[in-house]
Every structure is written in structure tokens, then in C-alpha cells.
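> return atomic coordinates for the entry below.
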Amino acid sequence: MFSNFHKAILAAAIVALPSLAYAGEPFDIKAFQASQAAGKSILVDVTAPWCPTCKQQRPTVQEIEKERPDLVVYEVDFDSAKDVLKKFRVQYQSTLIVFKGSKEVARSTGETDPAPIRSLVAKAF
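Have a look, this model is predicted:
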């Protein structure tokens with residue numbers, strides 16, 4: 001029925017699924033504004049696929065997303081979302097910005113240690 005090649009592809013996809021389940025949603029200004037208006041806890045994750053620091057941050061952000069389903073995570077692509085970067089005054093990838101509703105409560109750039117990232121996000125609750 002399936003060749004060994006197809007079985008290997010299927011197995012790889014199944015293994016990859018958990019890591020894809022929590023990756024934030026692409027930034028959308030209307031969704032972001034609605035989350036702010038609802039007073040939600042928000043993490044804006046400015047990332048780039050080529051960024052090694054972003055790759056180190058990713059597992060921590062994913063764990064926090066799993067643990068805090070009440071946290072809304074928006075992913076901003078550093079290379080293509082220049083208008084969003086300007087709006088948030090972001091100059092570097094690997095920037096994490098935390099909001100509680102419409103108020104920015106914390107910001108960090110280049111942090112990879114899980115404890116400070118968790119402390120940063122905790123300020124939204």
C-alpha cells in the first residue's frame with residue numbers, strides 16, 4: 001500500500017506536528033486590535049527564519065503557549081512586515097513584546113534563557 005519512502009515521510013510529519021501546533025498566528029492588525037480591546041494577554045514575537053536566536057527562543061515560546069491558552073501570540077516576520085516593525089519601533093529580530101490589553105508591559109530583544117522569557121510573559125497576567 002505505502003512504500004517505505006511514503007511511510008518515512010508520514011512518520012516525519014507526525015513527529016513534526018507537535019512543534020507546529022504552537023507557533024503563534026501571523027500578525028494581523030485587526031485581530032491584534034480586537035485582542036487588545038478584549039483586554040487579552042498578548043505576546044508579539046518578531047522572528048526571522050534565518051535567525052539563530054529566534055530558533056533558540058521558539059521552544060520556550062511554544063511551551064508558554066501550551067501552558068497559557070489564554071495568551072494570544074502573534075508572530076511578526078522580520079523580513080516582510082516592515083510596517084509592523086515600524087509600528088512597534090522594532091529594529092531587531094528576536095524581539096518579544098508583551099501587552100496586557102492595549103498597554104505594552106514588557107519588551108526584550110535577544111533573550112534566549114527560558115526563565116527571563118517566562119518572567120517577561122508573566123507581566124501580562
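
> G24 versus the residue nearest to V46 when sequence neighbours are not counted, what's the distance?
Spatial nearest neighbour of V46, chain neighbours left out: T95 (4.1 Å); criterion: Cβ to Cβ, 6 or more residues apart in numbering. Any C-beta I mention is one placed from the backbone N, CA and C, and that applies to glycine too. Look at T95 and G24: by Cβ to Cβ, to the nearest Å, they are 13 Å apart.

> higher neighbour count, the two?
T95 (24 against 19; other Cβ atoms under 10 Å).

> right, and the more buried one touches E104 too?
No: shown here, T95 and E104 do not form a contact pair, counting by Cβ atoms under 8 Å, at 11.8 Å.

> would you list every one of the helices in this protein?
Along the chain, counting by DSSP state H, helices occupy 4-21, 29-37, 52-67, 82-87, 114-122.

> now do the buried residues in the fourth one.
So that's helix 82-87. V84, L85 (16 or more other Cβ atoms under 10 Å).

> run through who's touching that helix.
F27, I29, V46, V76, F78, V90, Q91 (Cβ atoms under 8 Å, 6 or more residues apart in numbering).

> now that helix: average pLDDT?
When pLDDT is averaged along helix 82-87, the result is 95.

> which of the contacts of helix 82-87 sit farthest apart?
I29 and Q91 (19.9 Å; Cβ to Cβ).

> and T112, what does it touch?
T53, Q56, Q57, T60.

> ok, and the most crowded of the residues you listed?
Q57 (24 neighbours).

> how much space is there between it and R107?
14 Å.

> which neighbours do the two share?
Common neighbours of Q57 and R107 are listed as L96 (criterion: Cβ under 8 Å, 6+ apart).

> now the chain, which segments are flagged as low pLDDT?
For the chain, residues meeting the criterion pLDDT under 70 lie at 1-23.

> can you rerun that using 90?
By pLDDT under 90, the low-scoring segments of the chain are 1-24.

> show the contacting residues for K40.
Residues counted as contacts of K40 (Cβ under 8 Å, 6+ apart) are D70, L71, V72, G101.
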